[in-house]
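*Asks:* Sequence and predicted structure are below.
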Amino acid sequence: MQAVDVPACLQCDFAATMPDDSMIGAGINTGDIVAFAACDRVENGQIAAVKVGNEILVRTVWANGQLLTPANPAYMTEVFRAEALPSVQIIGRAVEVRHIFE
C-alpha cells in the first residue's frame, strides 16, 4: 500500500491507495483511497489495515487477527497460528473509501 496525504474532509488518522483488487467484493477497487482510524484491534468482520511482516494488507479481520480474509475469491484467506501472531499487527480500521475515476 502507498500512503497518501489525508484530505482535510476525511476524519481519519492515515490513508493509503489500495494496491490490488483483493477487496473488490467489499467495494474497494484497485487505486481507491482507503482512510483508516488508527487502532490495534477491531471487531470481528471489520475491514482493517494489517501489517504482516513488512507488508501491509487490507483485509476483513476475524478471530483477533488470526484469520484475514480478502473480499475476492482469487486471493487466499490467511490463517495465523497463535505463535505467529506477534508478526501480525492491526494498525487501523477502515472508515472510508474514495473511488478514483480514471
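*Replies:* Thanks, I have it.
*Asks:* Select the longest strand from the chain.
*Replies:* Identified as the longest strand of the chain according to DSSP state E is strand 88-98.
*Asks:* What count of nearby residues applies to Ala63?
*Replies:* If you count neighbours by other CB atoms under 10 Å, Ala63 ends up with 10. From N, CA and C alone the C-beta is placed, and that goes for glycine too.
*Asks:* Give me the pLDDT value at the residue lying closest to it once chain neighbours are set aside.
*Replies:* In space, and not counting its chain neighbours, Ala63 is closest to Asn44: 7.1 Å by CB to CB, 6 or more residues apart in numbering. For Asn44, the model assigns a pLDDT of 94.
*Asks:* picking that back up, which of the residues in the longest strand of the chain are classified as buried?
*Replies:* Residues 88, 90, 92-95, 97 are the ones in strand 88-98 that count as buried (16 or more other CB atoms under 10 Å).
*Asks:* ok, and what's touching it?
*Replies:* With contact meaning CB atoms under 8 Å, 6 or more residues apart in numbering, strand 88-98 is reached by 10-14, 27-28, 32-42, 46-52, 56, 58, 61, 65-66, 68, 80.
*Asks:* How far off centre is whatever helix or strand Ala16 lives in?
*Replies:* Applying DSSP states H and E as the criterion places Ala16 in strand 14-17. Distance of strand 14-17 from its chain centroid, counting by CA atoms, centre = their mean, to the nearest Å, is 10 Å.
*Asks:* same question, stretch 77-94
*Replies:* Put simply, stretch 77-94 sits 11 Å off its chain's centre (CA atoms, centre = their mean).
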